[in-house]
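# Let's see this in three dimensions:
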Amino acid sequence: MARIIRKTALAALCITAVGAGLVACEDDDEGFLDGLDDNPSVSKPALDGLSGTKKISIQGSSVNVACSGSRTDGKPVVVVLAGLDDDLTTTAAFRKTLSAQHRVCSFDRLGQGKSDKPAGVQSLAAGGKILTGVLDQVAGDTPVVLAGHSLGGLVAARYAPDHQDRVKGLVLLDATSPTTSGDIEKVIPASATGQSGDLRAQTAQVAKGQNSEKLAFPDAEVRPAGDIPVEVIQHGTKYLGAFPAYGSGLEKVWAEGQRKWAGISSNSKLSTAAGSAHHIYVDRADLAVKAVQRVTAQVTQ
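Below is the predicted model of the structure:
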């Protein structure tokens, strides 16, 4: 039980446990549409008719992409970004529900699922180039709403300010704090031992790129993305309290991180998902779906 609690707490800090076991149908096809990402301006989404999963080549790497639902003129494409150690299977049920009303796509970042593994430590800028390549092929010139969970939320929020021409809305589901390493160091002293000491040390290592994606995400201030509609939803179940001496402090800095993300736009909303732990789109899928629908409705207007 202690091990399970520890893994759950680490999940919130981007050291996630195995996904929720949701399974998606896949249709892998190596080399499908290879090279289309070499064209920097894709007017029509290359994967517009894709329903299922395909592997495409972006920046010389094989990237696993999944799409479903129909594209409607005037509506944005929703792109779901999973957390660390999650993949397309984890978000499958969430995407299926969204696809009843939206064109929805997702992909395994390098090091996730069935995409290639990165050669070395990746910067957020390098990961952003992969995201741009995916958006070129799944959305083309169509506006995009990014819905990111955990580390996927951090990736989405770091990407949006520099791509306001195409990212027109954000939904951040218990997104990793913009100041994760500093948050932990503020609460857990360097002298801490046991699980708490491990949490402090491992969080610092993960943020430097010692994770399955080899993605480094250093602490940084939140940069503005104009007035795009943004919904930030934080967990309601206080599971970080599993660390008796530091649990309340960890919950406090996590909540502060969510408030920081809400500052990314002058048109943002911060709420709490009652009854949900870290995986909000699983525990409270109803709230996550409604948040995406509200944001897309504002983009469509």
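# and G182, helix, strand or coil?
Classification of G182 using DSSP: H, G, I helix; E, B strand; the rest coil returns helix.
# hmm, I was thinking of V145
Per three-state DSSP, the secondary structure class of V145 is strand.
# For the nearest residue to it once chain neighbours are set aside, the count of nearby residues, please.
In space, and not counting its chain neighbours, V145 is closest to G169: 4.0 Å by C-beta to C-beta, 6 or more residues apart in numbering. The way it works is simple: take the backbone N, C-alpha and C, and place the C-beta from them, glycine included. Neighbours of G169 under the rule other C-beta atoms under 10 Å: 27.
# how far away is G169 from I188?
Using C-beta to C-beta, to the nearest Å, G169 is found at 35 Å from I188.
# quick one: low-confidence parts of the stretch 201-301 of the chain?
301 (pLDDT under 70).
# Show me the strands in it, by range?
With DSSP state E, counting those that start in this stretch applied, the stretch 201-301 of the chain shows strands at 230-235, 268-273, listed in chain order.
# Just name the most buried of these.
Mean neighbour count (mean count of other C-beta atoms under 10 Å) peaks for strand 230-235 among the strands of the stretch 201-301 of the chain, with a mean of 26.
# Work out the sheet partners of it and label each with its direction, please.
In the sheet containing strand 230-235, its partner strands are strand 167-173 (parallel), strand 268-273 (parallel), by DSSP bridges.
# Just send these back as CSV, with distance to A192 too.
CSV is the format used below for the strands paired with strand 230-235 (distance: least, C-beta to C-beta, whole Å):
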stretch, distance to A192
strand 167-173, 29
strand 268-273, 28
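# Between these, which one is closest to V144.
In terms of C-beta to C-beta, the element of those nearest to V144 is strand 167-173, at 5.4 Å.
# Just the mean pLDDT for that closest one, thanks.
For strand 167-173, the mean per-residue pLDDT is 98.
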